Every structure is written in structure tokens, then in C-alpha cells.
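Asker: Provided below for reference: sequence and predicted model.
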Amino acid sequence: MIETTPLVVIKKDKSREGFDSGKLLAGLVRACEKRPVPLGILEDAVRDIEMMLHNSLDKEVPSYRIGELAMEKLRAIDEVAYVRFASVYRQFKDIDSFMKELQSLLEARAGRQEQETN
């Protein structure tokens, strides 16, 4: 069995705590509340994120990096859950910053649809 070095998360206030996959899963589940997203998909996303963090070989990871990875995963899983997570994670200050995020999402979707038709 391969032993992995525990990941340490550097929080916004510069304090440190061990990486907790359960905490990450709880955040994803909360974002997907009342959405048609199976728990297994979210568990897979958490495993992928944890694997990416371990593969980076960094022993300490800033919390914003975990948040960015979580948003990437949610964006591919469910757009509504992504917006929910992003609104909490990015702490939108006003409706304009929220609308910019929605516009970015719509542009990405339009780009994907255009690629599919070509």
C-alpha cells in the first residue's frame, strides 16, 4: 500500500488544518441540494480533487486552490450547483459581479453548443 503525505490546507487567515474530504463533499452536496446530481458523482469529484492535490506534490495547499478545483468540477456537473457554490465561494459583492459570472457561464455553454454543431 502506498502511503501518502497528509495535505495541509492554508486558510484565508493563514491558519492551517488537515485536508478534510468530508468537508469538501459537504460543500458540494449543499450546492447540489434539490438538483438531480447523484451522490456518487460528487464523491468521484472529491476523489479527483484530492488526487490532483496529491499529484501536485505540494504538502500545503491554499484553500482557494481547493475552491477553484471544486468550481471546475461543479461547472461540468451542474450549472446551477456551480453558480450556488461560486456565489458563496467568491462572495459576490453586488449583482454586477454575479451577472458577470453568469455571462461567463452562458458564453462557455454557447461555445460548447457551437462546437457540437460543427
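Answerer: Perfect, thanks for sending it.

Asker: stretch 103-112: which residues count as buried?
Answerer: Residues of stretch 103-112 include none that count as buried (16 or more other CB atoms under 10 Å). Every residue, glycine included, has its C-beta placed from N, CA and C.

Asker: next one, pLDDT for Glu3 please.
Answerer: The model reports Glu3 with a pLDDT of 56.

Asker: can you pull the contacts of the residue nearest the centre of the chain?
Answerer: Nearest residue to the geometric centre of the chain (CA atoms, centre = their mean): Ala70, 1.1 Å. Ala70 sits next to Leu24, Gly27, Leu28, Ala45, Ile49, Phe85, Tyr89 when contact means CB atoms under 8 Å, 6 or more residues apart in numbering.

Asker: please give the element, helix or strand, for the second one.
Answerer: Element membership for Gly27 (DSSP states H and E) is helix 21-31.

Asker: now that helix: mean pLDDT?
Answerer: Taken as a whole, helix 21-31 carries a mean pLDDT of 96.

Asker: and it, what does it pack onto?
Answerer: Packing contacts for helix 21-31, counted by 3 or more CB pairs under 8 Å, 6 or more residues apart in numbering; DSSP states H and E, involve helix 39-55, helix 63-77, helix 79-89.

Asker: can you point out the buried residues in that helix?
Answerer: Buried, per 16+ other CB under 10 Å, within helix 21-31: Leu24, Leu25, Gly27, Leu28, Val29, Ala31.

Asker: for this structure, longest helix please?
Answerer: For the chain, the helix with the greatest residue count under DSSP state H is helix 95-117.
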